[in-house]
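In: after the sequence you'll find the predicted model.
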Amino acid sequence: MERFTISLDEDLARAFDQLIRSRGYANRSEAIRDMLRRELEHTRLARHEAPHCVASLSYVYNHHERQLAERLTDQQHHAHDLVVSTMHVHLDHDHCLEAVILRGATEEVRGFADRLAAERGVRHGQLNLIPVDSEAVHRHVHARPKS
């Protein structure tokens, strides 16, 4: 582990300490490490230096909207090599929240998320990408029930 020292003015140090306490950090070092990781990931993604990722895509939609649920499900089936899992939550009589866990090539994941969020009737689409190292690229398998 490498150590380094930073200097902060008193107001900034006090505000930082309040922030890390509110987020449950035990010390400044852990908070700084997380902030650095987050910024490095953001920079890698912005520069397209993260070829593979895991991601969560969340969105809200009105399930009464004409054939929207079917269109969303159809898009997920067409991207079965990216979609790991989907969770569906009924928010009220009209609205549903879906959270889709994705894994694959970053640009493919982004493309899928953009297409799905652009569906008429989808609201509040949010994609959270996390760069990952990929040791090997596996071909995906089409699995069908036997009967």
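Out: Here it is on my side, so go on. Residues are numbered from 1 along each chain as shown.

In: for the worst-scoring helix or strand of the chain on mean pLDDT, buried residues please.
Out: Lowest mean confidence among the helices and strands of the chain (mean pLDDT, DSSP states H and E): helix 28-46, at a mean of 88. For helix 28-46, the neighbour count (16 or more other Cβ atoms under 10 Å) marks 31, 41, 44-45 as buried. Every residue, glycine included, has its C-beta placed from N, CA and C.

In: so which helix or strand takes in the spatially most central residue of the chain?
Out: In the chain, the residue lying closest to the centroid (Cα atoms, centre = their mean) is residue 128, at 2.3 Å. Element membership of residue 128, judged by DSSP states H and E, is strand 122-131.

In: now the angle from that strand to helix 28-46?
Out: Calculated by axes from the mean of the first three to the mean of the last three Cα atoms, to 10 degrees, strand 122-131 forms an angle of 110 degrees with helix 28-46.

In: which other helices and strands contact strand 122-131?
Out: Identification of packing neighbours for strand 122-131 by 3 or more Cβ pairs under 8 Å, 6 or more residues apart in numbering; DSSP states H and E yields helix 28-46, strand 52-62, helix 106-117.

In: state the mean pLDDT of that strand.
Out: For strand 122-131, the mean per-residue pLDDT is 94.

In: the domain parsing of this protein - what is it?
Out: According to automatic domain parsing, the chain comprises the domains 10-46, 52-131.

In: and residue 1, which of those domains is closest to it?
Out: Comparing those against residue 1 with Cβ to Cβ, the closest turns out to be domain 10-46 (9.4 Å).

In: report the buried residues of stretch 87-95.
Out: Buried residues in stretch 87-95, counted by 16+ other Cβ under 10 Å: none are found.

In: er, stretch 115-124 actually
Out: Buried residues in stretch 115-124, counted by 16+ other Cβ under 10 Å: 116-117, 121-122.
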